[in-house]
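In: Provide a 3D model corresponding to the input given below.
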Amino acid sequence: DPHMRIREGIHTYYYPNGKDSLIQVYRNNKIEGQSTTYYPDGSIHFTKSYKDGYLDGEFVQYYADGKLRRKEYYLKGRCTRGELYAEDGRELEHEPYQVMPQFPGGQNKFMDVVAQTLQYPKLAAQQKLEGNVLIRFFVDTDGKMKYPYIVKESYPELNEEAMRTFNEIAAAYTWMPARRDGEVIRIKYTVPVVFKIPQKLK
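Out: As a prediction, the model looks like this:
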């Protein structure tokens, strides 16, 4: 499986015309140092700095004519500040290159809703079955939670309840969708559904 192989050293990707498309350096299977993405004509589109697999340091984006589009600064994957410019050089209100989807009320509220919606299967509780089910899904461009699948299973009863919980929340809530470079995009999201019997029932 090509997705399972360990990546190490310099990796270069090419356009059909033979010019470099992307150059990245991997160390222990994580992107490290500077990564450069090019336009098909060979001019630079992005330069990004990585540390231990996360964006860390300067992130710069250029228009096709070489003018500066954005300059951002990252710490462990989080954008700390930045500047954004129009093609004519005017400074625009800054928005990070990628904005993750937002559940109404935020991440903590989402986990609260998961916990409140969850109904411990009676048989599983009687048998003292505990575990975590990891569900991956898409937050679509309309903000809806779609196409769920389980990436880490537990007991069948817990898997089933995790999916029921997901479907109930998906029917009731709409997220603010993710954006990349100002455009609304579909993005994958992963949520752990935790089954732990309360101490008083043990």
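In: And the helices in the protein, which stretches?
Out: Under the criterion DSSP state H, helices of the chain are mapped to 107-117, 122-126, 156-172.
In: where among those is the average confidence lowest?
Out: With a mean of 90, helix 122-126 has the lowest mean pLDDT of the helices of the chain.
In: got the buried residues for that helix?
Out: Of the residues in helix 122-126, 124-125 count as buried by neighbour count, 16 or more other CB atoms under 10 Å. Bear in mind the C-beta positions are built from the backbone N, C-alpha and C, glycine included.
In: How about residues contacting that helix?
Out: 155, 157-158, 161, 195, 197, 201 (CB atoms under 8 Å, 6 or more residues apart in numbering).
In: quick one on the thing from earlier: with Arg136 as the reference, name the closest of the helices of the chain.
Out: helix 156-172 (10.3 Å; CB to CB).
In: want to throw the contacts of helix 122-126 into CSV with distance to Leu75 and neighbour count?
Out: Shown next, in CSV, are the contacts of helix 122-126 (distance: CB to CB, whole Å; neighbours: other CB atoms under 10 Å):
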residue, distance to Leu75, neighbour count
Tyr155, 40, 17
Glu157, 42, 18
Leu158, 37, 22
Glu161, 38, 21
Phe195, 34, 20
Ile197, 39, 14
Leu201, 42, 9
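In: sorry, back to before: most tightly surrounded among the helices of the chain?
Out: Compared across the helices of the chain, helix 156-172 shows the largest average neighbour count, a mean of 16 (mean count of other CB atoms under 10 Å).
In: elements contacting it?
Out: helix 107-117, helix 122-126, strand 131-139, strand 145-152, strand 187-195 (3 or more CB pairs under 8 Å, 6 or more residues apart in numbering; DSSP states H and E).
In: May I have that helix as CSV, with CA atoms only?
Out: Output of helix 156-172 as CSV, limited to C-alpha atoms (Å, rounded to 0.1, in the frame of the first residue of the first chain):
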residue,chain,number,x,y,z
PRO,A,156,-20.7,-4.2,17.7
GLU,A,157,-23.3,-2.7,20.2
LEU,A,158,-21.0,0.3,20.8
ASN,A,159,-20.3,0.7,17.0
GLU,A,160,-24.0,0.7,16.3
GLU,A,161,-24.8,3.3,19.0
ALA,A,162,-21.9,5.5,17.9
MET,A,163,-23.4,5.7,14.4
ARG,A,164,-26.9,6.3,15.7
THR,A,165,-25.5,9.2,17.8
PHE,A,166,-23.8,10.6,14.8
ASN,A,167,-26.9,10.4,12.6
GLU,A,168,-29.0,12.1,15.3
ILE,A,169,-26.5,15.0,15.6
ALA,A,170,-26.1,15.2,11.8
ALA,A,171,-29.9,15.7,11.4
ALA,A,172,-30.0,18.5,14.0
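In: Between strand 187-195 and it, find me the angle.
Out: Angle, helix 156-172 to strand 187-195, by axes from the mean of the first three to the mean of the last three CA atoms, to 10 degrees: 130 degrees.
In: Not counting helix 156-172 itself, show me its contacts.
Out: Helix 156-172 has contacts (CB under 8 Å, 6+ apart) with 113-114, 117-121, 123-124, 129, 131, 133, 135, 137, 144-146, 148, 150, 153-154, 191, 193, 195.
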